[in-house]
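Peer 1: I'll drop the sequence and a predicted model, then ask my questions.
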Amino acid sequence: MELGDLLLHVVLHSIIAEEERAFTVADVMTESSQKLIRRHPHVFGDTKVSSSGDVKLNWEKIKLSEGRKSLMEGVPRKLPSLLRSHRLQEKASKVGFDWKRKEDVWKKVKEEIAELHEAEKKRSHKELEEEFGDLLFALVNYARFLKVNPESALHRSTRKFARRFQQIEEQLRKRGRKLEHSSLEEMDALWNEGKRREKKRSR
């Protein structure tokens, strides 16, 4: 929805609400203005900030003071899991609950890999799933330190896998062969050929 359409939408809703004596356009404008001023004390007040981090920290503190019970609220539960975990970690980071060094985050990733292997030995599916989730969560954290969006990264890798597999299918068809009659070694060779072709095209 474009900005003009959004504004029109808000105004129309306000007119309907005004007719029903619920609230008016003026009420909406007043509330929005007050919220804008309240949440930007470094612009409209005397609050001093030295970085964008300070601005974000103040923003979260103000929202909590407005009645929000948890910093974790406001991140929709229906978001894809990778994206939601990324957003939740960002929220915690804004109030200082974060790793200081990227290297320490990678140590945590390796620690979670070791715990996953231990869970494998126990053969408990519940524990295995939990440890696998912890590993994914740690990798999302590392992605954040790399300034990589994990949802976008996985989306690209998934598309790449599908494209390369379809190339295998196409090459096998050209040779008059079917997937189910092909060996792993044959498919793997075609996969690597496809990778080499892609690298040549990208140069």
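Peer 2: Noted; the coordinates are in hand.
Peer 1: Give the helix, strand or coil label for residue 71.
Peer 2: Secondary structure, DSSP: H, G, I helix; E, B strand; the rest coil: residue 71 is coil.
Peer 1: what's it sitting at in phi/psi?
Peer 2: Main-chain dihedrals, residue 71, degrees, to the nearest 10: phi -60, psi -30.
Peer 1: That one - how many residues pack around it?
Peer 2: Neighbour count for residue 71, taken as other CB atoms under 10 Å: 17. Glycine gets a C-beta too; all of them are placed from N, C-alpha and C.
Peer 1: and the gap between it and residue 184?
Peer 2: 48 Å (CB to CB, to the nearest Å).
Peer 1: Would you map out the domains in the protein?
Peer 2: Using automatic domain parsing, the domain parsing of the chain gives 99-147, 152-202.
Peer 1: highest average neighbour count across the ones you listed?
Peer 2: domain 99-147 (a mean of 15; mean count of other CB atoms under 10 Å).
Peer 1: Start and end of that one, how far apart?
Peer 2: 14 Å (CA to CA, to the nearest Å).
Peer 1: I'd like the mean pLDDT over it, please.
Peer 2: Mean pLDDT, domain 99-147: 95.
Peer 1: Any regions of this protein where pLDDT drops low?
Peer 2: For the chain, applying pLDDT under 70 flags the ranges 1-68.
Peer 1: for it, which helix is longest?
Peer 2: helix 150-174 (DSSP state H).
Peer 1: rewinding a little: redo the domains of the chain as TSV? Include distance to residue 81.
Peer 2: Formatted as TSV, the domains of the chain follow (distance: least, CB to CB, whole Å):
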stretch	distance to residue 81
domain 99-147	8
domain 152-202	10
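Peer 1: Residue 85: which of those is closest?
Peer 2: For residue 85, the closest of the domains of the chain is domain 99-147, at 4.7 Å, according to CB to CB.
Peer 1: ok so, going back, which stretch among the domains of the chain comes nearest residue 76?
Peer 2: Proximity to residue 76 (CB to CB) singles out domain 99-147 among these, at 16.5 Å.
Peer 1: Residue 100 versus residue 94, what's the distance?
Peer 2: From residue 94 to residue 100 the distance is 15 Å (CB to CB).
Peer 1: cool, and residue 160?
Peer 2: Using CB to CB, residue 160 is found at 34 Å from residue 100.
Peer 1: likewise residue 161?
Peer 2: Counting by CB to CB, the gap from residue 161 to residue 100 is 35 Å.
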